[in-house]
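Chemist: Provided below are the primary sequence and the corresponding predicted coordinates.
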Amino acid sequence: MTTHTDDAQSANLVRQTIDGSQLQAWSRAIDVKCEQGTATLRGTLPSYYYKQLLQTLIRDLPGIKRVDNFVEVRTK
């Protein structure tokens, strides 16, 4: 069973991972919520490549068992 502290630590790790990746420019456009090992991602990115990259970066992080990627792709 995970605790609120575990969820907060997982969310911080996800955020740090995004901020340290090539997705850094869109970090503020991505909302992260972690609950009981599930990372829920919402927001917008400019391509499907970046959406997939986001999911790939997050799925193997410690404490993350599942990724619900609701990020939308919006091209100009």
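Modeler: That came in fine, so what should we check first? Here the structure is a predicted model, which means the values were calculated and not measured.

Chemist: going forward, measure contacts and count neighbours with C-alpha atoms only.
Modeler: Noted.

Chemist: Arg42: what's it in contact with?
Modeler: Listed by C-alpha atoms under 8 Å, 6 or more residues apart in numbering, the contact partners of Arg42 are Ile30, Asp31, Val32, Asn69, Phe70, Val71, Glu72.

Chemist: any idea how far Thr56 is from it?
Modeler: Arg42 is 15 Å from Thr56, where distance means C-alpha to C-alpha, to the nearest Å.

Chemist: Pro46 is in contact with Val71, isn't it?
Modeler: No - Pro46 is beyond contact range of Val71, at 10.2 Å (criterion: C-alpha atoms under 8 Å).

Chemist: the more surrounded of the two?
Modeler: Val71 (21 against 13; other C-alpha atoms under 10 Å).

Chemist: where's that one relative to His4, distance?
Modeler: In terms of C-alpha to C-alpha, Val71 sits 24 Å off from His4.

Chemist: show me where pLDDT drops low in the chain?
Modeler: For the chain, the stretches with pLDDT under 70 are 1-3.

Chemist: what segments of it are helices?
Modeler: Counting by DSSP state H, one finds helices in the chain at the ranges 4-19, 48-59.

Chemist: as a markdown table, those helices with distance to Lys65 would be great.
Modeler: Listed next are the helices of the chain as a markdown table, based on distance: least, C-alpha to C-alpha, whole Å:
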| stretch | distance to Lys65 |
| --- | --- |
| helix 4-19 | 11 |
| helix 48-59 | 7 |
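
Chemist: select, out of the ones you listed, the one closest to Gln36.
Modeler: helix 4-19 (6.5 Å; C-alpha to C-alpha).

Chemist: if we can go back for a sec, any of the contacts of Arg42 buried? List them.
Modeler: Ile30, Val32, Asn69, Val71, Glu72 (16 or more other C-alpha atoms under 10 Å).
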